[in-house]
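A.B. asks: I would like the atomic coordinates for the input below:
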Amino acid sequence: MRLVMTEPVDRTDRPYARRWWALLVLCLSLLIIVMANTALTVAAPDMTRDLGLSGADLQWVIDGYTVPYAALMLLLGAIGDKYSRRGALALGLVVFGGGAVFGSLADSAATVIAARAVMGVGAALIMPATLSLLAATFPRAERAKAITLWTATAGLAIAAGPVVAGALLKNHGWASTFLINVPIAAVALVAAFVLVPPSRASRPADGDHRIDYVGGLLSVLWVGSLVYMIIEGPHFGWDTKAVTAAVVAGAGLLAFVLWELRHPRPILDVRRFTDRRFAGSNLAVALFFLAVFGAFYYLTQHLQFVLGYDALATGVRMLPLAGAVFVGSALTGYLTPRVGMKWTVTAGMVGGTVALALLTQVDGSSSYGDFVAPLIILGLAIGLALSPCTDAIMGAFPEPELGVGGAVNDTSIELGGSLGIAILGSLLSTSYSSHLADATTGSKLPASALATAQDSVGAGYAVAQGIGEKARHLAAQAAQTTDPHQAAQLKAQAGQLVQGARQMKDAVGSSFADAVSHTSLIGAVILGAGTLAVALLLPRRTARATQPAEEAKEPVGSGVN
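C.D. replies: Prediction:
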């Protein structure tokens, strides 16, 4: 047995024998790039304290990863198709691991944001490569099952990130949440050369295999500007930067579409979006991740701040979602071939809408038990809906464009996730601030303290804690004074502050719970409307996407790279 796999799949007369081991490598690579975001949500408080991050700094620590990740995937997917899909995966793992090491050594907001951006570039190489290698390695009859396991891995990573980060933060600093990626990336890198067969797109009949770099750069411009606008506008206000990004995104998209329509070999044939199955699948993926990332954003905060769980306990309590994803994936593998993707995808989106609707019942007295059913239903919904959509998107692309197909699927995921955090996160913040103002009406809380508390649920509890500390300080003074009258006054003031701290804490918790309920209602409405649109778009029954006759004659994944 060769130590390094050098023979392309197309040169064998039977399916690659170690293809399921190869899938394990691809899923491991996927796992770390998804966990890089979900783990950070748990490590953020420690990082904020150590580096003195402002609210804007922390937002860009999180989103500095997303902008290059979303913007570069289409271009890098096309480059991987032409030169080497496995090479793109390997380079992505090296870049990602290097960014993780850089991030662990960061000592300022600027350096940690830069490190996250480097990791985003690595992720933009890895993500489309995993799907294109999967499609090139597996025969068509097994591809849906492989994609189901790939999707289940993404669902596992969403829930596993906080568990891993929480376990590390028990005894280590936040830098450990960066460093944990390094050995995993190293293992995946070595295993990729041992287990994953080399693959690149076969040459077209006319021999013209040039990359549409103009179209690729236009895609980087409009997707990057759009994601920047989505992040900047709702969180920091619609200032000159956000409006400029919106204008650039709109102009860039128009230029991209016009260029691609006229180019003989476009990086992405935008006419594919006239196909109902393809368009419906991309819409479903974007909407689903809008709901999932948005809900994950506020559920982890509620578990940590309102219910008081530490990082590890929060991660463990998100695990029902991961288990349900695997169950839903198994169900879709059984149901989709029998009833068609229209019904499984629609059922999954209905399930996601129901999960968000159940979260509208959350209030200040809710316990963790009230979140279990929504988490399980949401996990089942992810498993049901996403695998058939990914399979349909990949099936719409011929063999030479598998990397582009993976990039389109993954860009839909990133745009949906960015929109979810931006839209639902902005609604959450506005609703929380409004409810807290109402809950503290008539209190003697200084306006500056109320403004601080309205900034976030964490800030609200910090204000309540500060009031409590002031009460303890006054009580200590009362115990030390020898003047009975002064001691009585200090005790009375301390008692009032203790009551104020308790009231403030209760107000913050109930206000955030009300905000979760209100935001979930808006999320359910958005996903419900999207479900109707997807159900109308997806055709009732469609044959599997087939390649054109001339492409079908060409070997899959030809070329040794």
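A.B. asks: now name the helix or strand holding residue 177.
C.D. replies: helix 176-179 (DSSP states H and E).
A.B. asks: list the buried residues in the helix or strand that that helix is followed by.
C.D. replies: The helix or strand immediately downstream of helix 176-179 is helix 181-195, counting by DSSP H and E. Residues of helix 181-195 classed as buried by neighbour count (16 or more other C-beta atoms under 10 Å): 181, 182, 184, 185, 188, 189, 191, 192, 193, 195. C-beta coordinates here come from the backbone N, C-alpha and C atoms, glycine included.
A.B. asks: which strands or helices does helix 181-195 pack on?
C.D. replies: For helix 181-195, the elements it packs on are helix 19-51, helix 85-104, judged by 3 or more C-beta pairs under 8 Å, 6 or more residues apart in numbering; DSSP states H and E.
A.B. asks: next SSE after the longest one?
C.D. replies: Think helix 19-51. Helix 19-51 is succeeded, C-terminally, by helix 55-63 (DSSP H and E).
A.B. asks: buried residues in the helix or strand just after that next one?
C.D. replies: Next helix or strand after helix 55-63 toward the C-terminus (DSSP H and E): helix 66-82. Neighbour-count burial for helix 66-82 flags 66-82 (criterion: 16+ other C-beta under 10 Å).
A.B. asks: likewise stretch 96-108?
C.D. replies: Buried, per 16+ other C-beta under 10 Å, within stretch 96-108: 96, 97, 98, 99, 100, 101, 102, 103, 104, 106.
A.B. asks: now stretch 50-69
C.D. replies: Quick answer for stretch 50-69 (16+ other C-beta under 10 Å): 51, 53, 57-69.
A.B. asks: please identify the helix or strand for the residue lying closest to residue 218 once chain neighbours are set aside.
C.D. replies: Counting by C-beta to C-beta, 6 or more residues apart in numbering, residue 218 lies nearest to residue 256, which is 4.1 Å off, once chain neighbours are set aside. Following DSSP H and E, the helix or strand that holds residue 256 is helix 240-262.
A.B. asks: low-confidence ranges, this protein, go.
C.D. replies: 1-2, 9-13, 55, 203-209, 234-236, 541-561 (pLDDT under 70).
A.B. asks: reformat the buried residues of helix 181-195 as CSV; add distance to residue 427.
C.D. replies: Formatted as CSV, the buried residues of helix 181-195 follow (distance: C-beta to C-beta, whole Å):
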residue, distance to residue 427
181, 32
182, 37
184, 35
185, 36
188, 37
189, 41
191, 42
192, 41
193, 46
195, 45
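A.B. asks: closest to residue 18 out of these?
C.D. replies: residue 195 (5.7 Å; C-beta to C-beta).
A.B. asks: surely that closest one and residue 22 touch.
C.D. replies: Yes - assessed by C-beta atoms under 8 Å, residue 195 is found in contact with residue 22 at 4.9 Å.
A.B. asks: what is the neighbour count of residue 316?
C.D. replies: Using other C-beta atoms under 10 Å, the number of residues around residue 316 comes to 17.
A.B. asks: quick check: the closest residue to it other than its chain neighbours vs residue 304, distance?
C.D. replies: Using C-beta to C-beta, 6+ apart and skipping residues adjacent in sequence, the residue nearest residue 316 is residue 163, 5.9 Å away. When C-beta to C-beta, to the nearest Å is the yardstick, residue 163 and residue 304 sit 13 Å from each other.
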